[in-house]
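**Student:** Show me how the following folds:
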Amino acid sequence: MDEQQVQSVGTDDNELKRLVVHTFDMLDYKQAWEMQKQVVRAVDEGTRSDTLFLLEHPPTYTIGSQRHPEHLLLSPEQLKQRGIQVYEIDRGGDITYHGPGQLVGYPILLLDGQRLDLHGYLRNLEEVIIRYLASFGLVGSRKPEFTGVWVGETKIAAIGVKFNKCRRHRGFVTSHGFAFNIKSGIQYEGFTGIVPCGIQQYGVTSLEDVTGQTFTVQQVGAQLLPYFVEVFGYDQVVNEIWSESVEHTNTSHA
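**Tutor:** Numbering: from 1, shown residues only. You can find the predicted model right below:
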């Protein structure tokens, strides 16, 4: 295995809870979706550890299982003119936007045993972003009727997941994940063509807008990772190049 970086805590490798991380720059949505499916199968089969993808997408609308076509406000001609692709996908939720300036995270994790808490998993994803925002002195909040993270009355991160029922375990493997708005102005790009997540009463914001600072998406991904590791309780982080085949990845679900 060609590892870029390994961070670990503990003395016995057999007891380490390991997370494999793949970081990409810009990745086509369909390609990332197929990669997720591949890793979901491997995690279920026990040939791969829990995995996290961190990346950006080109302009894309994804429509979740709630299927509200009226929340897409653009015609096919307008979509083509703006260069926005549209996918009906297998996660929960309504329509959302992915595009440059947004950090997308796809955790592919085995939820079984004591980890088999689907609502708790969603709250943990929110908690990762809430803790990260707190490092800037910002209060990230939840709204009981919705999933995601808000700063005041504007949404900064959307969450939509799929729980894939395991074939070899009593539990689920997660896919899809969170979309964290980073660059200022993203709310005036793709989000103006939809009713984001079907929510009309709240606006959308970004990390740059609420902090007044400038970030790259890759920078935020690196800064956010320790909070993900902390919330989900991993002992070892392996930063790995995707070119390796899934079946050659070392595993540990201890």
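**Student:** use CA for all of it now, contacts and neighbours both
**Tutor:** Noted.
**Student:** can you tell me which residue is nearest the centre of this protein?
**Tutor:** In the chain, the centroid-proximal residue (CA atoms, centre = their mean) is residue 105; its distance is 2.5 Å.
**Student:** host element of that one?
**Tutor:** Mapping residue 105 onto the secondary structure by DSSP states H and E places it in strand 102-108.
**Student:** Listing partners with orientation, what would you give for that strand?
**Tutor:** According to DSSP bridges, strand 102-108 forms sheet pairs with strand 50-56 (antiparallel), strand 171-181 (antiparallel).
**Student:** C-terminal to the worst-scoring helix or strand of the chain on mean pLDDT, what's the next element?
**Tutor:** Least confident helix or strand, the chain: strand 3-8 with a mean of 39, by mean pLDDT, DSSP states H and E. Of the helices and strands lying after strand 3-8 in sequence (DSSP H and E), the nearest is strand 18-26.
**Student:** Can you tell me what sits against the first helix or strand past that following strand going along the chain?
**Tutor:** The first helix or strand that comes after strand 18-26 along the chain, using DSSP H and E, is helix 29-45. Helix 29-45 has contacts (CA atoms under 8 Å, 6 or more residues apart in numbering) with 48-51, 57-58, 60, 106, 108-110, 164, 166-169, 173-176, 246-247.
**Student:** And for stretch 148-156?
**Tutor:** 126, 129-130, 138-143, 157-159, 180-181, 202-207, 210.
**Student:** Give me the buried subset of those.
**Tutor:** 126, 129-130, 140-142, 157-159, 180-181, 203-207, 210 (16 or more other CA atoms under 10 Å).
**Student:** mind listing what the nearest residue to residue 127 once chain neighbours are set aside touches?
**Tutor:** Closest residue to residue 127 apart from its sequence neighbours, by CA to CA, 6 or more residues apart in numbering: residue 231 at 7.3 Å. Listed by CA under 8 Å, 6+ apart, the contact set of residue 231 reads 124, 127-128.
**Student:** Spell out the secondary structure type for residue 231.
**Tutor:** helix (DSSP: H, G, I helix; E, B strand; the rest coil).
**Student:** separation between it and residue 76?
**Tutor:** From residue 231 across to residue 76, the span is 41 Å (CA to CA, to the nearest Å).
**Student:** Likewise for residue 170?
**Tutor:** 43 Å.
**Student:** Please verify my assumption that residue 21 contacts residue 239.
**Tutor:** Yes. Residue 21 is in contact with residue 239 according to CA atoms under 8 Å; the separation is 4.8 Å.
**Student:** who's more crowded, the two?
**Tutor:** residue 21 (22 against 19; other CA atoms under 10 Å).
**Student:** tell me which element residue 155 is part of?
**Tutor:** Counting by DSSP H and E, residue 155 is part of strand 154-165.
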